[in-house]
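**Q** Next one to model:
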Amino acid sequence: MTDIPSPTEPKSVQYAIAWEKLPKEFYLPESSTENTAQPLIAGALRESLELAGYLQPNMLIASHLNLCAKVNGEWIIKAPDWFFVKAIAPSSPPVSHVADRRSYTPHLDGEVPQVVMEFVCEPNSRKYSSKRTFPYGRWFFYEGFLKVPIYIVFTPASGQLEIYILQEIGYRLHYPDQNNRYWLADMELFVGVWQGEKEGRSGYWLRWWDRDGNMLPWAVEQIAQERQKVEKLTEKLRSLGINAEAS
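**A** Prediction:
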């Protein structure tokens, strides 16, 4: 388990935070992934939510989209591997135009992300950084400035999953239930680790479960489930002397 950075902050330190639109001329370096598993995991998380009818027109899910804030006059920008916003502002570009977005500024473009995820190669990744001076570490950025309620760190290689819930004193480790799943109240879903294969990748994945414990399927699983239903129905009709294929 990763050590939790101390939330202790000298009382003399002051931060002036402004939620402004990122200037069009502001240079943004190209985002990169640490390995090929990251985009597959991010895409699979979105896919099952879409198929379940969970996503609403005013929700936003993005990967490697720049989260912005201006702190003491300096732009701070972090691009998490996956994040979820429950409600964007009416004046914000439509979710259907997410590919055209360069950035997302909480409070200006909509709510603060309810969930931010980072997929790391190793538990002690720099993504845990709690650096409290410019340009500020990701942990401190999410915890101290954005105040993201749920911060998830997943290590695909080992399947290690750590979930932190924001409290008054900072992030605190969230513990799983008896099924080794974590209830995310802001999303009304469970999240947990699942081992298997998808899109040619065999390993650990993050999956969603509803409050009744039903796993939200991927498209390939949904097709397989429908095929099984048809096969069972065909077999039942055949046992009754009905040739379903003939009809």
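
**Q** C-alpha only now, for contacts and for neighbours.
**A** Will do.

**Q** Tell me where the protein has helices.
**A** 37-51, 138-140, 219-239 (DSSP state H).

**Q** and Gly192, which of those is closest to it?
**A** helix 37-51 (11.2 Å; C-alpha to C-alpha).

**Q** If I take that closest one and helix 219-239, what angle do their directions form?
**A** 50 degrees (axes from the mean of the first three to the mean of the last three C-alpha atoms, to 10 degrees).

**Q** Tyr151: which of the helices of the chain is closest?
**A** helix 138-140 (8.6 Å).

**Q** now the closest one: how far from the chain's centre is it?
**A** Centroid separation between helix 138-140 and its chain, computed with C-alpha atoms, centre = their mean, to the nearest Å, is 16 Å.

**Q** Roughly how far does Met215 sit from Asp109?
**A** 31 Å (C-alpha to C-alpha, to the nearest Å).

**Q** the more surrounded of these two?
**A** Neighbours per residue, other C-alpha atoms under 10 Å: of Met215 and Asp109, the larger number sits with Asp109, 19 against 16.

**Q** need the contact list for that one.
**A** Applying C-alpha atoms under 8 Å, 6 or more residues apart in numbering, we find Asp109 in contact with Ile88, Ala89, Ser91, Ser92.

**Q** For the buried ones among those residues, write the corresponding ChimeraX selection.
**A** Selection of buried members from those for ChimeraX, criterion 16 or more other C-alpha atoms under 10 Å:
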select :88
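
**Q** all strands in this protein, in order from the N-terminus.
**A** 17-18, 60-62, 66-71, 74-78, 82-85, 103-104, 115-119, 150-155, 160-167, 170-174, 181-184, 189-198, 201-209 (DSSP state E).

**Q** Mind putting the ones you listed into JSON lines with mean neighbour count, distance to Ala52 and mean pLDDT?
**A** Formatted as JSON lines, these follow (neighbours: other C-alpha atoms under 10 Å; distance: least, C-alpha to C-alpha, whole Å; pLDDT from 0 to 100):
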{"stretch": "strand 17-18", "mean neighbour count": "16", "distance to Ala52": "37", "mean pLDDT": "95"}
{"stretch": "strand 60-62", "mean neighbour count": "20", "distance to Ala52": "15", "mean pLDDT": "95"}
{"stretch": "strand 66-71", "mean neighbour count": "21", "distance to Ala52": "27", "mean pLDDT": "95"}
{"stretch": "strand 74-78", "mean neighbour count": "18", "distance to Ala52": "29", "mean pLDDT": "94"}
{"stretch": "strand 82-85", "mean neighbour count": "21", "distance to Ala52": "16", "mean pLDDT": "97"}
{"stretch": "strand 103-104", "mean neighbour count": "23", "distance to Ala52": "26", "mean pLDDT": "94"}
{"stretch": "strand 115-119", "mean neighbour count": "22", "distance to Ala52": "19", "mean pLDDT": "96"}
{"stretch": "strand 150-155", "mean neighbour count": "22", "distance to Ala52": "22", "mean pLDDT": "96"}
{"stretch": "strand 160-167", "mean neighbour count": "17", "distance to Ala52": "23", "mean pLDDT": "96"}
{"stretch": "strand 170-174", "mean neighbour count": "18", "distance to Ala52": "25", "mean pLDDT": "96"}
{"stretch": "strand 181-184", "mean neighbour count": "20", "distance to Ala52": "17", "mean pLDDT": "98"}
{"stretch": "strand 189-198", "mean neighbour count": "16", "distance to Ala52": "12", "mean pLDDT": "97"}
{"stretch": "strand 201-209", "mean neighbour count": "18", "distance to Ala52": "10", "mean pLDDT": "97"}
